[in-house]
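Student: Pasting the sequence and the predicted coordinates here, then a few questions.
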Amino acid sequence: MKQSIKLNHGQKAIPAIGLGVFKVEDGDTVIDAVVEAIRQGYRHIDTAAVYENEEGVGIGIRKGMEIANISRDDLFITSKLWNADQGYDAAIAAYEASLERLGLEQLDLYLIHWPVEDKIVDSWRALEQLYRDGRVGAVGVSNFQAHHLETLAANSELVPAVNQVERHPLLRQTDLSSYMSEHGIVPVAWAPLMQGGLFEEPTLVEIAKEVERSVAQVILRWHLQTGWVIIPKSVKSHRIEENFNLYDFELSDEQMNRIDALDQHKRVGPDPDDFDF
């Protein structure tokens, strides 16, 4: 199973496991989490302007590189364009502001965070320009439904490298996943553990016992075996380690099918088609 996935454009493959920092407090909390993740072998860090922790993430990246004795080229860093900054000129400025807060010269991936209907095309044009100018490694989107992706396809020749969406066993995103596969868009799962809402689910508890792993590891391994990139969030060292140790066991087809059967099309986050911006 691949530990990184090649993108349809861009300078680097995306590591299949990353650290998410949604709602992680800026300062020591996020700094320590990023440092610990890099120390343990993570090479993919995912943040966003609206998380208000890019400055701490940047400090954590620099400290982590020093501790792990690695270079910036060894890491894959993602951030996202917030809704209030969408539109061509605003998006360009927002990207530069994210770089300044992070203390980086370039991001490996920059995403439109949510589809703001009347600004999708202009925002995407800005990201295209950043990519063409060599200012960003790759560009993509987040929380886009198939019809949003169709809007981009009708107005651009550059296909998003990734689409980062809510995804977990209760929300398999089967149709969207098929669309992305057909168009070469790498799927990235946020809330891959359903924000902890699945840890007592009987089927998952049973499978965890069968493979002698935690429920979290079973869920995350399920994502990887279905071809999804994951960005689980944690600030605890043992959880960061647990979420990364997924390559020394495998779920059987029968176990995968049992997890697939849990799908209820249930979200814990906003519906992209009904989100009050």
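Tutor: It's in. Worth saying up front: this structure is predicted, and the values here are computed from it rather than measured.

Student: What separation do you get for Ile259 and Asn245?
Tutor: As judged by CB to CB, to the nearest Å, Ile259 and Asn245 stand 19 Å apart. (Each C-beta comes from the backbone N, C-alpha and C, glycine too.)

Student: When these two are compared, which one has more neighbours?
Tutor: Per other CB atoms under 10 Å, whichever of Ile259 and Asn245 has more neighbours is Ile259, with 24 against 16.

Student: ok, that one touching Arg221?
Tutor: No - Ile259 is beyond contact range of Arg221, at 9.6 Å (criterion: CB atoms under 8 Å).

Student: Overlap of the contact sets of the two?
Tutor: Residues touching both Ile259 and Arg221 by CB atoms under 8 Å, 6 or more residues apart in numbering: Leu251.

Student: show me where the stretch 51-200 of the chain has strands.
Tutor: In the stretch 51-200 of the chain, the strands defined using DSSP state E, counting those that start in this stretch lie at 76-81, 109-112, 139-142, 162-166, 186-190.

Student: which residues in the protein form helices?
Tutor: Listed in chain order, the helices of the chain (DSSP state H) span residues 28-40, 54-68, 88-102, 120-132, 146-155, 174-182, 202-211, 215-225, 237-244, 253-260.

Student: Of the strands of the stretch 51-200 of the chain, which is nearest Gln217?
Tutor: Judged by CB to CB, the one of those that comes nearest to Gln217 is strand 186-190, at 14.8 Å.

Student: Also compute the angle for the closest one relative to strand 162-166, please.
Tutor: Here strand 186-190 points in a direction 30 degrees away from that of strand 162-166 (axes from the mean of the first three to the mean of the last three CA atoms, to 10 degrees).

Student: Partner strands of strand 186-190, with direction?
Tutor: Using DSSP bridges, the strands paired with strand 186-190 in its sheet are strand 162-166 (parallel), strand 229-230 (parallel).

Student: tilt between the first one and strand 76-81?
Tutor: Read it as strand 162-166. Using the same axes, to 10 degrees: strand 162-166 against strand 76-81 is 70 degrees.

Student: Show me what strand 162-166 is in contact with.
Tutor: Identification of contacts with strand 162-166 by CB under 8 Å, 6+ apart yields 7, 14, 46, 109, 111, 138, 140-144, 149, 173, 176, 180, 185-191, 229, 231, 267-269, 272.

Student: do the shortest one as well
Tutor: Contact partners of strand 229-230, identified using CB under 8 Å, 6+ apart, comprise 5, 14-18, 44, 162, 186-189, 192, 220, 223-224.

Student: Looking at the residues you listed, state which has the most neighbours.
Tutor: Top of the contacts of strand 229-230 by neighbour number is Val188, holding 30 neighbours under the definition other CB under 10 Å.

Student: Wait, it touches Ile231, no?
Tutor: Yes - the criterion here is CB under 8 Å, and Val188 meets it with Ile231 at 6.5 Å.

Student: Out of the strands paired with strand 186-190, which gets nearest to Val211?
Tutor: Taking the strands paired with strand 186-190 one by one with CB to CB, strand 229-230 is closest: 17.4 Å.

Student: out of everything not next to it in sequence, what's closest to the residue lying farthest from the centre of the chain?
Tutor: No residue in the chain sits farther from the centre than Glu210, which is 28.7 Å out by CA atoms, centre = their mean. Once flanking residues are discounted, Glu210 sits nearest to Gln255: 7.0 Å by CB to CB, 6 or more residues apart in numbering.

Student: what's the answer for Gly27, then?
Tutor: Counting by CB to CB, 6+ apart, the residue nearest Gly27 is Gly56, at 5.5 Å.
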